[in-house]
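>>> Can you look at this prediction? I've put the sequence above it.
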Amino acid sequence: MIDKPAGLLVHRSAIDAHEDDAALQRLRDQLGRPVWPAHRLDRGTSGVLVFALDAAVASLLGQALAERLTRKRYLALVRGWPAAEAGVVDHPLARDPELPSAGQPHLEAQTGWSCLRRLELPVTTDPRFATTRLSLLACEPVQGRRHQIRRHLKHVAHPIVGDANHGKGPLNRALAAHLGLQRLWLHAQRMTLTHPVSGQTLELEAPLGPEWAPFL
């Protein structure tokens, strides 16, 4: 397991053909041997990223993730204050978020969430309001659909701060200027899984970076 920083690719991709730096290549070079990613994180997401030392173990880990035999907890900084303290977003998602939803199969998807803290910053991102309300949420996706948490939080009108694809541009720009940092405010904090060889229960955790301190 590594603690992936925000902005780092998991592996080289044709989508970012100009980018040579990636977590897989960094870890491979540090260990001096091949490694295989067991799952993915979006480039902008920081936190727990699991690799295996051989393809067979990576396949077993990937199967455990697909069969929902693991638990994952994320922290997200979102726009607004939810009306409740906790809930579940139960909303099917199109398979490919990069394509129009119409005509695609929609897959079952649920994300549990709880509100850890409500904040109000002296930043105007809407001319009707002198301040901006934000919330820190803990999120646990039941499945692992692509961009599931990002899409679900957009669906309930609490998009993640810094999300260029599913968020609000004026909000993202104003808060990036106020905070002095532009990033997707989503962190993979914890993953609980069973080791596919030893059978041991592993709880892998990546601490939040110092940039999260104002929101804790």
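Done, it's in.

>>> Tell me which stretches of the protein form strands.
Along the chain, counting by DSSP state E, strands occupy 2-4, 36-37, 46-49, 51-52, 71-79, 86-90, 93-94, 106-107, 110-121, 132-141, 186-194, 201-205.

>>> Can you list the neighbours in contact with the fifth one?
When contacts are defined by C-beta atoms under 8 Å, 6 or more residues apart in numbering, strand 71-79 is touched by residues 45, 47-48, 116, 132-141, 144, 149, 153, 157-162, 167-168, 171, 185-193, 208, 212, 215. Any C-beta I mention is one placed from the backbone N, CA and C, and that applies to glycine too.

>>> just the last one next, same as before
Around strand 201-205, the neighbours that count as contacts under C-beta under 8 Å, 6+ apart are 1, 48, 50, 189, 190, 191, 192, 193, 194, 195.

>>> ok so, going back, closest one to residue 60 among the strands of the chain?
strand 51-52 (8.1 Å; C-beta to C-beta).

>>> just checking, what packs against that closest one?
Packing partners of strand 51-52 (3 or more C-beta pairs under 8 Å, 6 or more residues apart in numbering; DSSP states H and E): strand 36-37, helix 55-66.

>>> And the longest one, what does it pack against?
The helices and strands touching helix 55-66, judged by 3+ C-beta pairs under 8 Å, 6+ apart, are strand 36-37, strand 51-52, strand 186-194.

>>> Report the buried residues of the longest one.
For strand 186-194, the buried set under the neighbour-count rule, 16 or more other C-beta atoms under 10 Å, comprises 186, 187, 188, 189, 190, 191, 193.

>>> Please name the residues that touch the residue of the chain most remote from its centre.
Distance from the centre of the chain peaks at residue 128, with 30.4 Å (C-alpha atoms, centre = their mean). Not one residue lies near residue 128 by C-beta under 8 Å, 6+ apart.

>>> what does the one 4 residues further on give?
Residue 132 makes contacts with 79, 120, 121, 123, 124, 125, 126, 171, 174, 175, as judged by C-beta under 8 Å, 6+ apart.

>>> which among the residues you listed end up buried?
79, 121, 123, 125, 171, 174, 175.

>>> coming back round to it: mind putting the helices and strands packed on strand 51-52 into CSV with distance to residue 72?
Putting the helices and strands packed on strand 51-52 into CSV (distance: least, C-beta to C-beta, whole Å) gives the following:
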stretch, distance to residue 72
strand 36-37, 15
helix 55-66, 9
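
>>> Just say which of those is most tucked in.
strand 36-37 (a mean of 19; mean count of other C-beta atoms under 10 Å).

>>> Centre of the chain to that strand, how far?
In terms of C-alpha atoms, centre = their mean, to the nearest Å, the gap separating the centre of strand 36-37 from the centre of its chain is 18 Å.

>>> Tell me the neighbouring strands of it, and mark each as parallel or antiparallel.
strand 51-52 (antiparallel) (DSSP bridges).

>>> And the contacts of the strand it pairs with?
Contacts to strand 51-52, defined as C-beta under 8 Å, 6+ apart, come from residues 1, 2, 24, 27, 35, 36, 37, 38, 58, 61.
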